[in-house]
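A structural model of the following input is requested.
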Amino acid sequence: MSPGTERIERYGRRTRWLHAAVYLTTLLLLATGLWLLVGREGQPSILARATGVADTRLHLWLGWALAGIAVLGLVAGIRAVPTFLRETVRHDRGDLRWFLRWPQAVFTGRFARHEGEWDPGQRIANVVIVIGLLVLIVTGIGLAVLHGGHLFAWFAKVHKWTAIVMTPVLLGHILIAAGVLPGYRGVWRSMHLGGRLHEETAERLWPAWTEERTAFPTHASHGSKNLVDRT
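Predicted coordinates:
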């Protein structure tokens, strides 16, 4: 096999299933939430007609589902939390160079080198998405258990504006993760097809992480013991 065509596992099965559950639930929540936000509460959406459940009730049930998934994910992956936080809040000297080259690299694939498991853009996205989802869950629970009053109104306002801010961030995340942009071609495999992507793709996007993993191919990463496949 030619250099760079080996496959390297980016995410393990547990991480991929958690990501899929959060991803699908959040998209459905955004869809039903935006439908209600634009004043279509009296007009059933396609999802409401397909399920026979009102959009308000669908949104409520999906909200509780997301809260449950978040709790289960935290409990199941509690040992990975310190690593996630450390990698997310890290700051390296090459981060600014990475940001300056990013607009062009999106199309050329020539990203500036960065250290760590995620690139600087992913770290910011991690912060926005995690905090945003937590705010949506907390305010959503508040709206579900309260019935009017000043606190209810405050929760409603925060919930609405957090969802509005989160929408373009999530759409950008989906666009990049789908590998549609030339610079990110092949990245979608990291969350699909067993979580394995070509080593060449991994080196282009996460050079330091790839070097570390290929130097110790038997070390576990995200719950995987068979990290690099050179067959």
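
So what does the residue of the chain most remote from its centre look like in phi/psi?
Ranked by distance from the centre of the chain (CA atoms, centre = their mean), the top residue is residue 149, with 33.9 Å. The phi and psi values for residue 149, taken as degrees, to the nearest 10, are phi 100, psi 170.

pLDDT value on residue 228, please?
Per-residue confidence at residue 228 stands at 48 (pLDDT).

What of residue 231?
38.

try residue 42
75.

what does residue 215 give?
The model's pLDDT for residue 215 equals 80.

any idea how far residue 49 is from it?
Distance, residue 215 to residue 49, using CB to CB, to the nearest Å: 54 Å. All C-beta atoms are positioned from the backbone trio N, CA, C, and that covers glycine.

Wasn't residue 179 part of a strand?
No - secondary structure of residue 179, determined by DSSP: H, G, I helix; E, B strand; the rest coil: coil, with no strand assignment.

Use 553 as the first number for this chain going forward.
With the count now opening at 553, the last piece we talked about shows up as residue 731.

Contact partners for it?
737-741 (CB atoms under 8 Å, 6 or more residues apart in numbering).

Switch those over to CSV; also include secondary structure, neighbour count and distance to residue 622.
Shown next, in CSV, are these (DSSP: H, G, I helix; E, B strand; the rest coil; neighbours: other CB atoms under 10 Å; distance: CB to CB, whole Å):
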residue, secondary structure, neighbour count, distance to residue 622
737, coil, 13, 31
738, coil, 15, 30
739, helix, 21, 25
740, helix, 16, 24
741, helix, 19, 26
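
out of these, what pair is the most spread apart?
Pairwise distances across these peak at 10.2 Å for 737 and 741 (criterion: CB to CB).
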